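In: Sharing a sequence plus its predicted fold:
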Amino acid sequence: MSSIFSKGAAIVLAASTLLSIPGFGQQKDPVIDNIVKEETDNSQLQVLAHELFDRIGPRLVGTPQMDKANEWAVAKYTSWGIAARNEKWGEWHGWERGISHIDMLTPRVKSLEATQLAWSPGMGDKTITAELVILPDLTDSVAFQQWLPAVKGKFVMISMLQPTGRPDYNWQEFGTPASFEKMKKERTAQQEAWAHRIRKTGYTNRTLPAALEKAGAAGVVINNWSAGFGVDKIFGAYTKKIPTIDIALEDYGVLYRLTESGDKPTIRVHTESKERGVVPTFNTIAEIKGSEKPDEYVILSAHFDSWDGGTGATDNGTGTLTMMEAMRILKAVYPHPKRTILVGHWGSEEEGLNGSRAFVEDHPEIVQHIQAVFNQDNGTGRVVNMSGQGFLNSYDYLQRWLFKVPSYIRDSIKTTFPGIPGGGGSDFASFVAMGAPAFSLGSLNWSYGTYTWHTNRDTYDKIVFDDLRNNAILAATLAYMASEDPVTTSREKSVLPMSTRTGEQTKWPQPTKSIRKGGLD
C-alpha cells in the first residue's frame, strides 16, 4: 500500500478507515477471541497494581524498592511459566528513603506537607529547628557572595512564591476574562523576575543548592508546583550533606509570606535516608520462545523505574502492567509463537533511557532481528495514537496488525504514516536510533502532565482499569500479529522534512550511549 504515497509524505488516518480498504474483510481469529476472553474473564491487572504500587512502592533507580520490583517481576513471570531474568546493565548511587517530619513552630504550630527530594542526604538522629530566609534579589554575583554568609544555620527558600494555587482551568471556568489575563500577565512577569534573580547569583537552579550547602545553610527549601491542586513534582537533590525538601504550595506560601513580612518563622526538620553505596542496576527481561523463528523478536517495552514522590503508578507502572498482562495472556492463549516475544522492563529511563540504551548496546544480535517493538509510557489512558516513526513502509504492516484489533479498541486509534522518528521521550527511541522498527502506543491524557507525571500524586487511585484492560488486549494482539506475519518488517527510512525551526533537513536520531555509572560523582 505504501507505493501510493510519496516518499516521506505524512499521512494521518484513523485506523477505523481500514475498514474501507478493498480486500480487508475482517475474519474471526480464535487466538484474538481468546485474548479478549482471557483479559475479560481473568484480568490480573488490579492484583498486579496492588502488589507493585501498594506493597513495593516507587522504583527509584538505586533503591531497595527497585531491587524488590525486579525480583517480584521475575517471580511473577516464572509463576506464569514464562522464562525471566534480571540482566545487569550498570551501577548507580544506592539510596533508601526514610521518614520525613517537617513542622512550623513559630509564629504558630503547623505540620507541613513536605517531601525530601530523592538522594537527599539523611540527617541521622538530628532534628534541626531554624529560621527561614528567602533568596534575596541582589544586584549581581558579587553582592550574592557578600550576602552568602547570612545563610549559615538557616533554611533557605529558593523557589518563587506562586501568585495562585488554582490551576488555569479553574480560572477559565470561574474567573472573568479580564482577571484571568491579568493574573497570567503578572505571573509571567514574576517568573521572569525570579529567573533573573537566580541568574544574578552566578549560579543555576542546579548549582545554587551546593553553594548554599558550602556556606553552612541548614537546608534548602523549594516548591516545584505542578500547576494543579495539591501536586508538586519531586525530583532529585543536589546537596550532599544538608537536606533538600519540597514544601507543598499552600504551606510554602504561608512560610514565604511570613518570612517576607518579617515574622521570622521557624521550622523543625527531621529527614532520614540511608546511603547504600554503589549498587547494581538491572533490566527485567522475560520471553516466550519462538517455535519457527526463535531468533527474530517482537518486543513489548515499558520502563520499570519511577521517581518516588508517589508510587510511580502511571509513570510508568501502568505501562509496566500493560506489558506484563499482555505477556500473561499470550502465554495462556498463544504459548508457541512463531517469533520470540520478549518483554523488556527497563531501568533508569527517568535519568536518560539508560536501561534500554544499554540493552541495544549489549544485544546487537537481537536488535538486528527485531520484527517490531511496542512501547507504552504516558499514563493510564487508553491508546489513541500511533506513529510510523519515520519508517517508510510501516503503514504496510501496522495497518494489517491493527485491523485485527477489536473494533471498539481500534476505532479510537489514529495513525500517522510515515511519521517522524522520536529522538527521546521514552524507550522506543533507543531502538529507533538503532534503525529498528519501534513504536509508541500513545494514550489519552487524563491530566497526566499536571497531576501524575513525576508528582507526589502518582498513585494507585489514578489508574483507570477499563482503559488498561483495552491496552493489554491491544498489546497482546499486536504482538501476536507481528509474530505471525510471514513477512519481515521493512526498515527503510523515509526522507525527513525540512525543519521549520532551523530550515535544514531533519536528521534521523543517532544512538546515545547509556550512562552505566550514575550519581556516583
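Out: Great, that's in hand.
In: Tally up the residues packed near Met386, please.
Out: For Met386, the count of nearby residues is 23 (other Cβ atoms under 10 Å). Quick note: C-beta positions are derived from backbone N, CA and C, even for glycine.
In: wait, it sits on Ser443?
Out: No - using Cβ atoms under 8 Å as the test, Met386 is too far from Ser443 to be in contact (10.6 Å).
In: Give me the contacts around whichever helix in the chain runs longest.
Out: Assignment by DSSP state H gives helix 177-200 as the longest helix of the chain. Contacts with helix 177-200, where a contact means Cβ atoms under 8 Å, 6 or more residues apart in numbering, come from 135, 137-141, 143-144, 158, 160, 162-164, 168, 171-172, 175, 204-205, 208.
In: Mark which of the residues you listed are buried, thanks.
Out: Taking 16 or more other Cβ atoms under 10 Å as the criterion, what is buried in the contacts of helix 177-200 is 135, 144, 158, 160, 162, 164, 168, 171, 175, 208.
In: Need phi/psi at the residue lying closest to Glu38 once chain neighbours are set aside.
Out: The shortest distance from Glu38 to any non-neighbouring residue, by Cβ to Cβ, 6 or more residues apart in numbering, is to Ile329 (4.8 Å). Main-chain torsions, Ile329, degrees, to the nearest 10: phi -60, psi -50.
In: okay, now Ile329: neighbour count?
Out: Ile329 has 27 nearby residues by other Cβ under 10 Å.
In: Identify the residues contacting it.
Out: Contacts of Ile329 by Cβ under 8 Å, 6+ apart are 35, 38-39, 472-473, 476.
In: Mind doing that once more with 6 Å?
Out: Applying Cβ atoms under 6 Å, 6 or more residues apart in numbering, one finds that Ile329 lies in contact with 35, 38-39, 476.
In: List the buried residues in the longest helix of the chain.
Out: 180, 183, 194, 197-198, 200.
In: What pLDDT does the model give Gly216?
Out: On pLDDT, Gly216 comes in at 98.
In: I'd say it and Phe155 touch.
Out: No - judged on Cβ atoms under 6 Å, Gly216 makes no contact with Phe155 at a distance of 11.8 Å.
In: Settle it for me: which of those two has more neighbours?
Out: More neighbours surround Phe155 than the other of Gly216 and Phe155, with 28 against 14 (other Cβ under 10 Å).
In: and the more buried one, what pLDDT?
Out: So Phe155 comes in at 98 (pLDDT).
In: my read: it touches Ala130, true?
Out: Yes - judged on Cβ under 6 Å, Phe155 makes contact with Ala130 at a distance of 5.5 Å.
In: Need the overlap of contacts for the two.
Out: Common neighbours of Phe155 and Ala130, using Cβ under 6 Å, 6+ apart, are Ala218.
In: Would you map the helices across the stretch 201-350 of the chain?
Out: 208-214, 249-260, 318-333 (DSSP state H, counting those that start in this stretch).
In: Just the C-alphas of the last one, formatted as CSV.
Out: I take that to be helix 318-333. Output of helix 318-333 as CSV, limited to C-alpha atoms (Å, rounded to 0.1, in the frame of the first residue of the first chain):
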residue,chain,number,x,y,z
THR,A,318,0.6,1.3,34.0
GLY,A,319,2.8,0.7,31.0
THR,A,320,4.6,-2.0,33.0
LEU,A,321,1.3,-3.7,33.9
THR,A,322,0.0,-3.5,30.4
MET,A,323,3.0,-5.4,29.1
MET,A,324,3.1,-7.9,31.9
GLU,A,325,-0.6,-8.6,31.4
ALA,A,326,-0.1,-8.9,27.7
MET,A,327,2.6,-11.5,28.2
ARG,A,328,0.5,-13.4,30.7
ILE,A,329,-2.4,-13.5,28.2
LEU,A,330,-0.1,-14.6,25.4
LYS,A,331,1.4,-17.4,27.4
ALA,A,332,-2.1,-18.6,28.2
VAL,A,333,-3.6,-18.5,24.7
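In: all strands in the stretch 1-150 of the chain, in order from the N-terminus.
Out: Ranges of strands in the stretch 1-150 of the chain, per DSSP state E, counting those that start in this stretch, are 11-14, 83-106, 110-111, 114-116, 128-134.
In: Next, Glu365: secondary structure please.
Out: Secondary structure state of Glu365, per DSSP: H, G, I helix; E, B strand; the rest coil, is helix.
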